[in-house]
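A.B. asks: Below is the sequence, then the predicted model.
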Amino acid sequence: MRLTDKIYVAGHRGLVGSALVRRLVDAGYSALLLRPRAELDLEDQRRVFEFFEETRPRYVFLAAAKVGGIHANNTLPAEFIRSNLAIQCNVIEAAHRYGVEKLMFLGSSCIYPRQAVQPITEDALLSGYLEPTNQPYAVAKIAGIEMCQAYHRQYGSNFISVMPTNLYGPGDNFDLLNSHVLPALIRKFHEARVQGAPSVPIWGTGNARREFLYVDDMAEACVFLMERYDDPMHIVNIGCGEDIRIGELAELVKGVVGYEGDVVYDTSKPDGPPRKLLDIARLQALGWRPRTPLQSGIERAYAAFLMSVRPNEASCQNPTDARVVAHS
């Protein structure tokens, strides 16, 4: 990519998209195309095609998606599959029609089977049953990968796919019902500290293991791959190569937030998959490694959370009413 090339970041206001914009700006790219949903609804095919015809981006980062934790996925399965399929179909087809040189599709580690061998290699895709609680979202993401590969086979399109692990950091969704586990823990412990709550309840046993990557590290990896990787038929995992027990994560967040009460595990609630760790050997072989240790990343994420909330907003809910699960 040249610094003056037109680059469209779809979903630039989300966790992933905003990190991509930060990375591209820091690297000196000066022709970013950014449109909020109010101006460009990516589920509207006509508007998407008009946008691509008008702007003619040379590169596209497809980071727009409807995302959420276990509660949101269970409550809105039709919306998750419908919205994500529509966004992907519209943007990928527009990229083909209007001559995009290269597109990066950002998937999710939830595409892999629930019982995949750990760490999960890219070859595990479609080798077993998915996690039922987020299957509609996962199926949509798998369809996005298949679309990129199909366009490459039929048209020669350079549409690559990457699979980030669980992400966190500035721009995250800290909503207690719909967020993923790490931002939900940050908010729960913060509210419990503010309100003086004696304990914080967490779904499950705390024994499930998850991998977490600071979102700016992910963005750096994406730009690295966009500049250097051209193999649409082989997806690339993006992670840190290490995982942690949810119980250990809770204690880490508790310490960063400064909460001094107890953590109570509700073992009647599900843990989600027992473990989810990506094999990042393919990415490491290309020469990329993450920079941000987990504790440092959590400290930055908490600082971003504090900057994002209005006075008293973070203490307006009862932390005992929220759900925190290890599904993500």
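C.D. replies: The structure has been received and is ready for your questions. Residues are numbered from 1 along each chain as shown.

A.B. asks: and the gap between the spatially most central residue of the chain and Tyr259?
C.D. replies: Taking C-alpha atoms, centre = their mean, the centroid of the chain lies closest to Leu167, which sits 5.2 Å from it. Using C-beta to C-beta, to the nearest Å, we find Leu167 at a distance of 23 Å from Tyr259. Using the backbone N, CA and C atoms, a C-beta is placed for each residue, glycine as well.

A.B. asks: now Ala192
C.D. replies: 5 Å.

A.B. asks: mind giving me the domain ranges of this structure?
C.D. replies: Per automatic domain parsing, the structural domains of the chain span 7-167+211-238, 173-210+243-274+295-321.

A.B. asks: ok, Leu225 - how many residues close by?
C.D. replies: By other C-beta atoms under 10 Å, the residues close to Leu225 number 19.

A.B. asks: which residue ranges form the strands in the stretch 201-328 of the chain?
C.D. replies: 209-210, 212-214, 236-238, 244-245, 262-266, 275-276 (DSSP state E, counting those that start in this stretch).

A.B. asks: which one of these has the lowest average pLDDT?
C.D. replies: The minimum mean pLDDT among the strands of the stretch 201-328 of the chain belongs to strand 275-276 (a mean of 90).

A.B. asks: Which neighbouring elements make contact with that one?
C.D. replies: When contacts are defined as 3 or more C-beta pairs under 8 Å, 6 or more residues apart in numbering; DSSP states H and E, strand 275-276 sits against strand 209-210.

A.B. asks: partners of the strand it packs on in the sheet?
C.D. replies: Its sheet considered, strand 209-210 pairs with strand 244-245 (antiparallel), strand 275-276 (parallel) by DSSP bridges.

A.B. asks: List the residues that contact Val253.
C.D. replies: 182, 185-186, 189, 298, 302 (C-beta atoms under 8 Å, 6 or more residues apart in numbering).

A.B. asks: one more time with 10 Å
C.D. replies: Residues in contact with Val253 (C-beta atoms under 10 Å, 6 or more residues apart in numbering) are 181-190, 200, 259, 263, 295, 298, 301-302.

A.B. asks: just Phe224 next, same as before
C.D. replies: Counting by C-beta under 10 Å, 6+ apart, Phe224 has contacts 23, 238, 283, 286-288.

A.B. asks: most neighbours, which of the residues you listed?
C.D. replies: Using other C-beta under 10 Å as the neighbour criterion, Ile238 leads those with 27 neighbours.

A.B. asks: Arg245 is in contact with Tyr265, correct?
C.D. replies: No: using C-beta atoms under 10 Å, Tyr265 is not in contact with Arg245; the gap is 11.4 Å.

A.B. asks: what's the overlap in contacts for those two?
C.D. replies: Counting by C-beta under 10 Å, 6+ apart, the residues touching both Tyr265 and Arg245 are 205-207.

A.B. asks: could you dump the residues you listed to JSON lines with distance to Asp172, neighbour count and pLDDT?
C.D. replies: What follows is the shared contacts of Tyr265 and Arg245, written out as JSON lines (distance: C-beta to C-beta, whole Å; neighbours: other C-beta atoms under 10 Å; pLDDT from 0 to 100):
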{"residue": "Thr205", "distance to Asp172": "25", "neighbour count": "17", "pLDDT": "95"}
{"residue": "Gly206", "distance to Asp172": "21", "neighbour count": "18", "pLDDT": "95"}
{"residue": "Asn207", "distance to Asp172": "24", "neighbour count": "15", "pLDDT": "95"}
